[in-house]
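Enquirer: Quick one, fold the following:
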Amino acid sequence: MKRKNKELIYVLAGILLVAVLLIILYRHDSDTDRHEDNNESKPTPTVEVEAEPTETPVFGVSEGQIAMDIDEMMMTDEHLAGVCRVIGGYETLEVVSHDYDEASQIDNARMEYWFKTWFGRIKYSKQCSYQYSKDSGLWDFLSGEESELEDIQYDEEIMNSLIGNTIDLYYGFRNRKDSAVLINTIEISGWNCYMDISYGFDRGGDKGWVGGDERIEVYPQLAERHYTIHGWISDSPTFNFELSCNVTKTDEYGNEAKLYIEIGPDEMSAHYYD
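Expert: Model (predicted):
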């Protein structure tokens, strides 16, 4: 009887051991499946690296190259030549735009340059064409248009110092002592300059008196003089920047007279003509 009980106990213990093993195997498989499911539901995120943009530089003639060609440009640009003679050269130079044609290797560039004058600063622009040579790696100047006035920056302190000045008036080369132009006020608006003047002159003979008040706008210009203010003819002309204005008036008898005003860095004068 005791022997049969021992055999039964061994059988039960074996069944229990198998059951425990099955439970352990089941849990292991469940954990493995759950882990795989979690991996599938939560994929590893991919990090996208944003590529830095590549900058393509403007392909065109350099400012340094244009600066070296100013002398050549002056041969076909009277205005540029005149300004450089007066001031001795530009203050700043900048290439503001390029229009490069790859087929012809030609760059139509636009340049701007500033000059310093006695009344402030003045800016011009110029269109010029250059061709690039791949063999030499150099730009060759082809042609350029006449310079154009772009901007004026008046020095208000210098301009206001002109207020109250009396300008002698000339007829031909003769100074008319009984005639004059007086600068009353000056107004600067952007690159425009206005003056309120009082003037009066007797034309003499069968012509009459011209006088009154006038608001004029003065313009900068390159002046070339072959004579001094006193009428002496000079052998070599002088160049300078002047502010000038033309006024056409009628005398007391209905005859027209043209009044021409010149304001320079060293002197001011006015002339009238029949």
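
Enquirer: buried sites along the helix or strand hosting Lys116?
Expert: Applying DSSP states H and E as the criterion places Lys116 in strand 106-117. By neighbour count with 16 or more other C-beta atoms under 10 Å, strand 106-117 contains the buried residues Ile106, Asp107, Asn108, Ala109, Met111, Glu112, Tyr113, Trp114, Phe115, Thr117. For the C-beta atoms, the positions are set from N, CA and C on the backbone; glycine is no exception.

Enquirer: same question, stretch 100-107
Expert: Of the residues in stretch 100-107, Tyr100, Ile106, Asp107 count as buried by neighbour count, 16+ other C-beta under 10 Å.

Enquirer: I'd assumed Trp139 was in contact with the second one.
Expert: No: Ile106 is not in contact with Trp139 according to C-beta atoms under 8 Å; the separation is 9.9 Å.

Enquirer: gap between the strand holding Lys116 and the chain center?
Expert: Here strand 106-117 is found 9 Å from its chain centre; the criterion is C-alpha atoms, centre = their mean, to the nearest Å.

Enquirer: partners of that strand, with directions?
Expert: strand 92-97 (antiparallel), strand 100-101 (antiparallel), strand 120-133 (antiparallel) (DSSP bridges).

Enquirer: Mind checking those for the one nearest to Gly211?
Expert: strand 120-133 (31.2 Å; C-beta to C-beta).

Enquirer: If we go by neighbour counts, what in that closest one is buried?
Expert: Applying 16+ other C-beta under 10 Å to strand 120-133 flags Gly120, Ile122, Lys123, Tyr124, Ser125, Lys126, Gln127, Cys128, Ser129, Tyr130, Tyr132 as buried.

Enquirer: And these, which is closest to Ala223?
Expert: Nearest to Ala223, judged by C-beta to C-beta, of those is Ile122 at 13.9 Å.

Enquirer: I'd like to know how far that closest one sits from Ser104.
Expert: Ile122 is 34 Å from Ser104, where distance means C-beta to C-beta, to the nearest Å.
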